[in-house]
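A.B. asks: Build me a structure from this.
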Amino acid sequence: MPKKDVSFSRRTFLGGSALALASGTISMPFVRTARAQAATFKAGVITSLSGENISGGNLTKNGYDLWAEAANEKGGVEVGGERFMVEMFYGDDQSNPATGADAAERLIVQNEVDFLLGPYTSGSTIAVQPICQKYQVPMISGSAESPNVWLAKPEFNFGIIPSVDTTSGQSLGVLAALSNPKAKTIAVIGVNEPFSKETGEGFQRGAKEAGLEVVAYELVPASGDLTPVMSKIAALNPDIVAVGGHEEPLINVIKTSKSLNYRPKALIMHYGVTNPAFAEALGADANGTSGVAVWLPTVPYKDDLFGTAQDYVARAQAKFGHEPDYTEAACSASGLVFADAAKRLGKKPSLTPEDRVALKDAIADTDITTFYGPIKFEKEGDHYHDNIQPVPVVIQIQDGKTVAVGPKEAAAAEFIYPLPSWK
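C.D. replies: Presented below is the predicted three-dimensional model:
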């Protein structure tokens, strides 16, 4: 996540959940105190607990921790009629992929974790995959969305969120169908870092599939003045502007557009709009912004641990003080995948090297429905070991709240199009 616009930070908005943890490995206090001598399943979490991606890193941590807490409240993960507590260990990638690889190796070698829960960013996830392969330790990734993660065909890594090349492109078909009068042109902005660039490329491909004319494709640095780019786009006056990037670049796009008194008829990005802190950061200027979500609190799914999606939301709000977004939900669902695979495997902790390989095979055979939705991993093709089951929903901020606007069967409100001018 880019450093620009430091006023927007989940450290500010998410309060106690945004812990500035020191780098290295930290064990979860409530587990170690309660089960210091008992056999436990050891989970190694690699994520960004410091550096420029700390906001997203804490979202992944929230999701993983919520699963561990819920599982331990019931006595832990069930295997062979017994239950075993979950013990969490953390490795800080410091928002750097190479550091993430080092952290994963420490968790495996020094802490002897049974499995890993993956990083916030796709870059760190890709860097950790060879470590998983080297030590043959499975990893379940609740956040990674880059198609490059799965193009590598990682034997030991599994993804909960569909890759961004499937979701961003599909969303533009939904958006074009909702627009009235029908949108005909689009400009795409991609931030020059892996996830954001691939999101932009997904928007570009999806636009062509939706019959939209791409009048501009601009690749911009992670930070810097966007005035020249937005001035060029304003002169072209496309119906839709799509932004491939995290929250802060989109905030900069909106602020720059307003400074130029230019507002497209529709503005969409992939990630960030579902986070309540985004709307708080921009106030009324966030209204009308659209985004893509693969999970919403209103989905009609449930499981035996969390209950319904609404039950999950209530639990997350009580603990963290905000409505969870789909990253947190997917990270919590990662734990459900492990618990299901461990139960089917039938091996008690601690797992031997042979058990960890068998666990990987059990995870590959996952076919479950959770509060997050259906989870089943691809076994071939460009999305190998990714869960591409969820269908993307287009959402829009209206009166400070995030609502589903499409497809029509999933809509909770009418799509506002065209957006009113700034003045």
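
A.B. asks: could you show me where the strands are in the stretch 201-350 of the chain, in order?
C.D. replies: 213-220, 240-244, 266-269, 290-293, 302-303, 307-308 (DSSP state E, counting those that start in this stretch).

A.B. asks: ok, residues contacting the third one?
C.D. replies: The reference is to strand 266-269. 171-172, 175, 179, 183, 203, 239-245, 250, 253-254, 257, 288-292, 394, 417-419 (C-beta atoms under 8 Å, 6 or more residues apart in numbering). In short, each C-beta sits where N, CA and C put it, glycine included.

A.B. asks: Averaged pLDDT, that strand. What do you get?
C.D. replies: Strand 266-269 shows a mean pLDDT of 94.

A.B. asks: Also the first one?
C.D. replies: Per-residue pLDDT values across strand 213-220 average out to 95.

A.B. asks: Leu107 contacts Glu87, doesn't it?
C.D. replies: No: Leu107 lies out of contact with Glu87 (C-beta atoms under 8 Å); the separation is 11.7 Å.

A.B. asks: Pop the domain breakdown of the chain in here.
C.D. replies: The chain breaks down into these domains under automatic domain parsing: 10-162+297-376, 165-285+396-410.

A.B. asks: His385: which of those domains is closest?
C.D. replies: domain 10-162+297-376 (4.9 Å; C-beta to C-beta).

A.B. asks: quick one: the helices in the stretch 151-300 of the chain?
C.D. replies: With DSSP state H, counting those that start in this stretch, the ranges of helices along the stretch 151-300 of the chain come out as 164-178, 194-209, 227-236, 247-259, 276-282.

A.B. asks: Save the ones you listed as CSV, and put in distance to Asp386 and mean neighbour count too.
C.D. replies: Shown next, in CSV, are the helices of the stretch 151-300 of the chain (distance: least, C-beta to C-beta, whole Å; neighbours: other C-beta atoms under 10 Å):
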stretch, distance to Asp386, mean neighbour count
helix 164-178, 9, 24
helix 194-209, 13, 23
helix 227-236, 32, 16
helix 247-259, 23, 21
helix 276-282, 25, 20
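
A.B. asks: how about those in TSV, adding distance to Ser55 and mean pLDDT?
C.D. replies: As requested, the helices of the stretch 151-300 of the chain are arranged in TSV below (distance: least, C-beta to C-beta, whole Å; pLDDT from 0 to 100):
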stretch	distance to Ser55	mean pLDDT
helix 164-178	18	88
helix 194-209	14	87
helix 227-236	24	97
helix 247-259	8	90
helix 276-282	8	79
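
A.B. asks: Pull up the gap between Gly80 and Lys347, please.
C.D. replies: Distance, Gly80 to Lys347, by C-beta to C-beta, to the nearest Å: 9 Å.

A.B. asks: Have a look at the two and say which one is more surrounded.
C.D. replies: Between Gly80 and Lys347, counting by other C-beta atoms under 10 Å, Lys347 is the more crowded of the two (18 against 11).

A.B. asks: end-to-end on stretch 301-318?
C.D. replies: 20 Å (C-alpha to C-alpha, to the nearest Å).

A.B. asks: Stretch 299-306 now?
C.D. replies: One end of stretch 299-306 to the other measures 14 Å (C-alpha to C-alpha).

A.B. asks: Between the strands of the stretch 201-350 of the chain, which one is closest to Asp399.
C.D. replies: Checking these against Asp399 by C-beta to C-beta gives strand 290-293 as the closest, at 14.6 Å.

A.B. asks: and the closest one, what does it pack onto?
C.D. replies: helix 164-178, strand 266-269, strand 393-398, strand 401-406 (3 or more C-beta pairs under 8 Å, 6 or more residues apart in numbering; DSSP states H and E).

A.B. asks: now it, how far from the chain's geometric center?
C.D. replies: A distance of 12 Å separates the centroid of the chain from that of strand 290-293, by C-alpha atoms, centre = their mean, to the nearest Å.

A.B. asks: Can I get it as CSV, trimmed to CA atoms?
C.D. replies: Presented in CSV, the C-alpha positions along strand 290-293 are these (Å, rounded to 0.1, in the frame of the first residue of the first chain):
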residue,chain,number,x,y,z
SER,A,290,-18.1,2.0,-6.5
GLY,A,291,-16.1,-1.1,-5.7
VAL,A,292,-15.9,-4.8,-6.0
ALA,A,293,-16.6,-7.3,-3.2
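
A.B. asks: Nearest residue to Pro324 in space, please, no chain neighbours.
C.D. replies: Of all residues beyond its chain neighbours, the one nearest Pro324 is Ala316 (4.1 Å), with distances taken as C-beta to C-beta, 6 or more residues apart in numbering.

A.B. asks: Could I get the contacting residues of that neighbour?
C.D. replies: By C-beta under 8 Å, 6+ apart, the residues touching Ala316 are 62, 66, 322-324, 328.

A.B. asks: The same query, at a cut-off of 7 Å, please.
C.D. replies: Residues near Ala316 by C-beta atoms under 7 Å, 6 or more residues apart in numbering: 66, 324, 328.

A.B. asks: Next: Val164.
C.D. replies: Residues near Val164 by C-beta under 7 Å, 6+ apart: 145-147, 195, 198-199, 202, 270.

A.B. asks: These: which two are farthest apart?
C.D. replies: Using C-beta to C-beta, those span at most 12.8 Å, a distance reached by Pro147 and His270.

A.B. asks: Please say which of the two ends up with more neighbours.
C.D. replies: Taking other C-beta under 10 Å, Pro147 and His270 do not tie; His270 has more neighbours (27 against 22).

A.B. asks: quick one, what contacts that one?
C.D. replies: By C-beta under 7 Å, 6+ apart, the residues touching His270 are 164, 167-168, 199, 244, 291-292.

A.B. asks: Go through those and name the one nearest Gly373.
C.D. replies: Using C-beta to C-beta, the contacts of His270 come closest to Gly373 at Thr167, 13.1 Å.
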